[in-house]
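Novice: Build me a model from this:
(one chain, ligands or ions: 2)
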Amino acid sequence: MKVRVLGCSGAIGSGGDARDPGGTTALLVDSDMLIDAGTGVAVLSDDELARIDHVFLTHSHLDHVAYLPLMIDAVGDRRTGPLIVHTSRATIDILQAHVFNNLIWPDFTRIPSADAPGVRFEALEVGESLVLDGRTVTALPACHSVPSMGFALASGDAALAFSGDTSSCPAFWARISAIPELRHVIVETAFPDAQIALAHAAHHYCPQLIAGDLLGIGLSAELLISHLKPPYGEQILDELRAALPGIAMRALQAGDVLEI
Ligand SMILES: [Zn+2]
Ligand SMILES: [Zn+2]
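Specialist: Ligands and ions are numbered 1, 2, ... in the order given. Predicted coordinates for the structure are as follows:
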């Protein structure tokens, strides 16, 4: 499996770094699966968009779903079946009530017709796995301000875990520490330690909160840090390295391709 990072920033805008286009969370898995549909999706061509059959959503926040309504409309007439969106029942209910409500965007679960819709939602519970062409996607626990989940991907040879948006969440680390052949862990760290009050209020990680969760967990996989707020990226990485000596880590970047 190949995981191509389309966007992994905590905000749009580069924060002054011209090398980083600042797209928000979206990971393309092989050519047919997308994990989150933030503004990073903008880098895909129409052909690439039309090949996506499955979208896995961690949660309903705009930086993770902004391109979902738009991509359904953009390439719907090139597709032969609906885009299938896998996420929690709670997130489905939020998207149907607040996005696909015929006010913000048409209800594509009934357009072009109820029999042949542009999108179909399928509920997924934490702990549940789906197998698509031999590739396993498992929903993981996450602890955020709205109902959220992470995802683990397993190819049979190796695995990758992605936290989505979360704050302190021992259940996430307990679950992934049991995954065999875990090669990469993409984990968010939105704020530096000086903003720990904001991290608590917004239910995101800062370095000392991750360090607390990782104490006592024997993690051999590489940590890839995502959702950095642009002006604080270097500061957050420095604080993480100081708090977690001996753990391999780096900032995840748009354009990275991870193989498992
Ligand atoms: Zn969020
Ligand atoms: Zn987010």
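
Novice: Just give me the neighbour total for R120.
Specialist: Here the count is done by other Cβ atoms under 10 Å, and R120 has 13 residues near it. For the C-beta atoms, the positions are set from N, CA and C on the backbone; glycine is no exception.

Novice: Let me fix that, I meant to ask about D46.
Specialist: Around D46 there are 11 residues (other Cβ under 10 Å).

Novice: Wait, it touches V75, no?
Specialist: Yes: shown here, D46 and V75 form a contact pair, counting by Cβ atoms under 8 Å, at 5.9 Å.

Novice: Remind me which helix or strand the residue in the stretch 1-150 of the chain that ligand 2 sits nearest to belongs to.
Specialist: When scored by Cβ to the ion, the stretch 1-150 of the chain has D63 as its residue closest to ligand 2, at 4.3 Å. According to DSSP states H and E, D63 maps onto helix 62-65.

Novice: A97 too?
Specialist: helix 89-98.

Novice: I'd like the next helix or strand past that helix.
Specialist: Taking DSSP H and E as the definition, the helix or strand right after helix 89-98 is strand 119-123.

Novice: dump the residue contacts of E239.
Specialist: P192, D193, C206, P207, Q208 (Cβ atoms under 8 Å, 6 or more residues apart in numbering).

Novice: Which of those sits closest to A243?
Specialist: P207 (4.8 Å; Cβ to Cβ).

Novice: The closest one reaches A194, doesn't it?
Specialist: No: look at P207 against A194 with Cβ under 8 Å: they stay out of range, at 10.3 Å.

Novice: Give the burial count for A194, as a bare number.
Specialist: Neighbours of A194 (other Cβ under 10 Å): 12.

Novice: ditto for D77
Specialist: Using other Cβ under 10 Å as the criterion, D77 is surrounded by 9 other residues.

Novice: And it, its phi and psi?
Specialist: phi -80, psi -10 (degrees, to the nearest 10).

Novice: Check the spacing between it and ligand 1 real quick.
Specialist: 32 Å (Cβ to the ion, to the nearest Å).

Novice: do the same with D213
Specialist: Distance of D213 to ligand 1, computed by Cβ to the ion: 18 Å.

Novice: relative to strand 119-123, how tilted is the helix holding A97?
Specialist: Relative orientation of helix 89-98 versus strand 119-123 (axes from the mean of the first three to the mean of the last three Cα atoms, to 10 degrees): 150 degrees.

Novice: Now do helix 89-98: everything it contacts.
Specialist: The contact list for helix 89-98 (Cβ under 8 Å, 6+ apart) reads 57, 59-60, 65, 68, 85, 104, 107, 109, 121, 123, 125, 146-148.

Novice: List the buried residues of that helix.
Specialist: Across helix 89-98, burial judged by 16 or more other Cβ atoms under 10 Å covers T91, I92, I94, L95.

Novice: and stretch 129-136, average pLDDT?
Specialist: For stretch 129-136, mean pLDDT rounds to 98.

Novice: now do the same end-to-end measure for stretch 242-254.
Specialist: For stretch 242-254, the first-to-last residue distance is 25 Å (Cα to Cα, to the nearest Å).

Novice: Output the helix holding D63 in CSV with nothing but the alpha carbons.
Specialist: Extracted C-alpha coordinates of helix 62-65, given in CSV (Å, rounded to 0.1, in the frame of the first residue of the first chain):
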residue,chain,number,x,y,z
LEU,A,62,-14.1,21.5,8.1
ASP,A,63,-10.4,21.1,7.8
HIS,A,64,-11.0,17.4,7.3
VAL,A,65,-14.2,17.5,5.1
